[in-house]
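In: take a look and give me a structure for this.
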Amino acid sequence: MHPRTTVAAVVCVALLAAGCSDRARQSDPWTSAGVAEPRLRTGPGNSLAVEAQTDLPLDDEANQAGFNRRAAKIAWRTHPGRVDSMNVAISDESGHSHTRAWRRADLEAAFGPRLAGLDEGRDPKPRERPARGDGPYRDNDARDLRQSLAITGEVLRRTSQEIFGRGRAPVEGGREECMGGMLGIDPNGKHRASSRLLAPLPGGTHEIVPLTRLVTYWSRLGLDVDTSGLYSGNDDLVSAALSGAGRLSAGVKAPYGQRERSIELVAHTDCF
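Out: Residues are numbered from 1 along each chain as shown. Next comes the predicted model:
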């Protein structure tokens, strides 16, 4: 049985193809990594060979190793079918290259457990915006900055308690003037505020685990959740609109030179 070759690409012909858009091109994880046509070939023993040439410059060894890791993560998060080993060969247009063999244990340690359904050959990616539940935050009516801060802060506290087991209070950030006009660069006299909360990850827990739980939790509360940054293999990020109050996001916080990793929960109010 010959290995199966899968080519993942977004193709737009004369910008007339149905559904072709800048957003579609950017949402494809390989395209956003500067890879037009990655080659993924399955082999014996659930092995996967990945070849990817990027238009991004990979001038030094650190960049080459980092991009190899990025390609491995994209394949691990998106390729349908069990993967027990992976050989990743990447290069740039100048001929710089890097090859690494990954065992399944290496992949799990680096990128977390595989998303449900992938090993069975199913595409696990849900709609970019899961259906909103009828929770207490589906419809809000903040009338000023103070009320908006109170609502967004309450959601952050509840999230910290329910998902991470620690009911911490968020720290308010500064206030900034909102911009408007045709180009979005003209001050409009309104202001918004932000708050944030750090939730440490328990030892041995990969960030994909609480982030996938958070998608379900926020949707159940009534938030409009966007998962496009979670299932692509690029940034591990979940964002959500809190109707009538503001916006929330959750992503990985890994201070340089430190091993401890946290999930950073951030809220921005609407403009008032």
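
In: tell me the domain ranges of this protein?
Out: Per automatic domain parsing, the structural domains of the chain span 5-111, 145-269.

In: now those domains as a markdown table including mean neighbour count and distance to P130?
Out: All C-beta spots, glycine's among them, are computed from the backbone N, C-alpha and C. Rendered in a markdown table, the data for the domains of the chain read as follows (neighbours: other C-beta atoms under 10 Å; distance: least, C-beta to C-beta, whole Å):
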| stretch | mean neighbour count | distance to P130 |
| --- | --- | --- |
| domain 5-111 | 16 | 16 |
| domain 145-269 | 17 | 5 |
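
In: of the ones you listed, which is nearest A131?
Out: Of all those, it is domain 145-269 that lies closest to A131, at 6.8 Å by C-beta to C-beta.

In: now do that closest one: distance to the chain's middle.
Out: In this view, domain 145-269 has its centroid 13 Å away from the chain centroid, taken as C-alpha atoms, centre = their mean, to the nearest Å.

In: swap in stretch 136-154?
Out: 25 Å.

In: show me where pLDDT drops low in this structure?
Out: Low-confidence segments of the chain, defined by pLDDT under 70: 1-27, 124-128, 255-260.

In: now what about the helix ranked longest in it, what contacts it?
Out: Using DSSP state H to define each element, the chain has its longest helix at helix 145-164. Helix 145-164 has contacts (C-beta atoms under 8 Å, 6 or more residues apart in numbering) with 137, 140, 142, 166-170, 172, 175, 191-193, 195-197, 199-200, 210, 213-214, 217-218, 221, 223, 242, 245-246, 248, 250, 263, 265, 267-270, 272.

In: restricting to C-alpha, output that helix in PDB.
Out: The C-alpha atoms that make up helix 145-164 are tabulated as PDB, following Å, rounded to 0.1, in the frame of the first residue of the first chain:
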ATOM      1  CA  LEU A 145     -17.700  52.100  32.000                       C
ATOM      2  CA  ARG A 146     -18.200  51.200  35.600                       C
ATOM      3  CA  GLN A 147     -20.900  48.700  34.900                       C
ATOM      4  CA  SER A 148     -19.000  47.200  31.900                       C
ATOM      5  CA  LEU A 149     -16.000  46.700  34.100                       C
ATOM      6  CA  ALA A 150     -18.100  45.000  36.800                       C
ATOM      7  CA  ILE A 151     -19.700  42.600  34.300                       C
ATOM      8  CA  THR A 152     -16.400  41.700  32.500                       C
ATOM      9  CA  GLY A 153     -14.600  41.400  35.800                       C
ATOM     10  CA  GLU A 154     -17.300  39.000  37.200                       C
ATOM     11  CA  VAL A 155     -16.900  36.700  34.200                       C
ATOM     12  CA  LEU A 156     -13.200  36.600  34.700                       C
ATOM     13  CA  ARG A 157     -13.600  35.700  38.400                       C
ATOM     14  CA  ARG A 158     -16.100  33.000  37.600                       C
ATOM     15  CA  THR A 159     -13.900  31.600  34.900                       C
ATOM     16  CA  SER A 160     -10.900  31.500  37.200                       C
ATOM     17  CA  GLN A 161     -12.900  29.600  39.800                       C
ATOM     18  CA  GLU A 162     -14.700  27.100  37.500                       C
ATOM     19  CA  ILE A 163     -11.900  26.300  35.100                       C
ATOM     20  CA  PHE A 164      -8.800  26.800  37.200                       C
END
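
In: all further residue positions should be reported with the first residue as 13.
Out: OK, 13 is where the count begins now, so the last one is helix 157-176.
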